[in-house]
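Peer 1: predicted coordinates and the sequence they were generated for:
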Amino acid sequence: MRLSITCALALAAGALAVPSQQLETRQQPFKSEPITDFAEPWAFAFLPDDKILVTERRGNLRLLDPTTKAKGSITGVPTVAYGGQGGLHDVALHPNYTENSIIYLSYAESGSGGAGGAVARAKLTLDTNGGGALSGLEVIWRHSSKASGGLQFACRLLFGPDGALWISSGEINQMTPAQDMTSNLGKVIRLYDNGTAYAGNPFASQGAIQSQIWSLGHRNPLGIDWDAQGRLWEVEMGPMGGDELNLIKSGANYGWPVVCEGRHYDGRTIPKHSTRPDIEAPKAFWVPVISPAGLIIYKGSLFSSWTGNAIITGLSSQSIVRAEITGDTAKEAQRISMGKRMRGIREGKDGAIWVIEDGQGGRLLKLTPN
Ligand SMILES: *[C@@H]1O[C@H](CO)[C@@H](O)[C@H](O)[C@H]1NC(C)=O
Ligand SMILES: *[C@@H]1O[C@H](CO)[C@@H](O)[C@H](O)[C@H]1NC(C)=O
């Protein structure tokens, strides 16, 4: 849930910190090339031949040729629970995609109690007409419970340097399950490519669900990425205030809903991170919110002064936020106004940054330095 800016600001009046307005960049420090538009896009992934898979929230998987701008469709996508924030979410390629053609999708699915997140894998076969089909679809992971309301599924997918599949699992607005080790809601999850819990996970000895869990206490974790040292960073939406950039450590608790720099939507306060030194504090946080929806740790050199920085797409802030990482600290360095809710982000092979806007007619943009 994310309330309107006016309402949230009115509720927060006087009580919360002032945003870093001085960091806001009016002039965009890059050229932005619109490629084409989509119906409520959520995520995208590059194929080895530079074509791009794009998810649309109603359950369509599109194949874009960015050169000709032709858009095809991939059939065989599972039925998704479209509504609220839910639908078709992320897409990722198996690390050995060139050999096995396997892709992964995350999405909201309906079932007893409402909707929950799920992850499936399937083989992608491309045809000669710019489209393709999925076959052998297999659900390899799902939320351990469902809820009504259609909120905070998250489920970003990322393969690690260890070959593991990482999933950032949202708490579907249920709050306390993020601290419950018998639930996989509100956790960072580490699995083998077939959905089995990865050996050596920190809570492996405690039970089946516990064995999937890498870290806990997450709310709506929409972005995860590796830095050059192989450390995992994560962004998550807080409630009213308290969006976080976290450095994710094995077995650590990130606090939701016990501690948070924001407050509940009804105005109730939440103890701050400083009251619980045993819980991991964010490396950077935002009050008021930026609504982080995607994250890369920039590894290229095309944007030469951005290497190693966290680049975050923001929904309510309609911006791209750049945070500098020094050792294990992070600080917002720049906020670039985009004039649209920004949803997904990926780095291209050549170091160009690709972003996708949210909502109906959301455009895929290729960003290169001025
Ligand atoms: C990818 O293939 C290599 C070589 O066969 C293998 O060692 C590795 O485990 C595979 N990765 C995954 C995630 O299956
Ligand atoms: C899943 O993959 C792991 C690692 O390759 C393997 O040890 C395990 O047996 C597999 N599980 C199933 C159910 O195939």
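Peer 2: Happy to help now that I have it. Residues are numbered from 1 along each chain as shown. Ligands and ions are numbered 1, 2, ... in the order given.

Peer 1: going by C-alpha atoms from here, please, whenever you check contacts or count neighbours.
Peer 2: Noted.

Peer 1: interface residues of the chain facing ligand 1?
Peer 2: Within the chain, the positions adjacent to ligand 1 are P95, N96, G163, D193 by C-alpha under 6 Å from any ligand atom.

Peer 1: any low-confidence regions in the chain?
Peer 2: Along the chain, segments meeting pLDDT under 70 span 1-26.

Peer 1: identify the single longest strand in it, thanks.
Peer 2: strand 114-126 (DSSP state E).

Peer 1: which ones are touching A178?
Peer 2: Listed by C-alpha atoms under 8 Å, 6 or more residues apart in numbering, the contact partners of A178 are E171, N184, L185, G186, K187, L216, G217, H218, R219, W256, P257.

Peer 1: rewinding a little: only whichever of the residues of the chain next to ligand 1 are buried, select them in PyMOL.
Peer 2: Restricted to buried positions by 16 or more other C-alpha atoms under 10 Å, the PyMOL selection for the residues of the chain next to ligand 1 reads:
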select buried, resi 95+193
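
Peer 1: reformat the residues of the chain next to ligand 1 as CSV; add secondary structure.
Peer 2: Below are these laid out as CSV (DSSP: H, G, I helix; E, B strand; the rest coil):
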residue, secondary structure
P95, coil
N96, coil
G163, coil
D193, coil
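
Peer 1: find the closest residue to ligand 1 in the stretch 251-370 of the chain.
Peer 2: K349 (20.0 Å; C-alpha to the nearest ligand atom).

Peer 1: so how far is ligand 2 from that residue?
Peer 2: 28 Å (C-alpha to the nearest ligand atom, to the nearest Å).

Peer 1: right, and the pair among the residues of the chain next to ligand 1 with maximum separation?
Peer 2: For these, the maximum inter-member distance is 10.4 Å, found between N96 and D193 (C-alpha to C-alpha).

Peer 1: other residues contacting the longest strand of the chain?
Peer 2: With C-alpha under 8 Å, 6+ apart as the criterion, strand 114-126 contacts 81, 100-110, 132-143, 145-150, 153-155, 169, 172.

Peer 1: quick one: P41 and D358, what's the gap?
Peer 2: 6 Å (C-alpha to C-alpha, to the nearest Å).

Peer 1: which residues do these two both contact?
Peer 2: R343.

Peer 1: more neighbours, those two?
Peer 2: P41 (30 against 26; other C-alpha atoms under 10 Å).

Peer 1: quick check: closest non-adjacent residue to that one.
Peer 2: E56 (4.2 Å; C-alpha to C-alpha, 6 or more residues apart in numbering).
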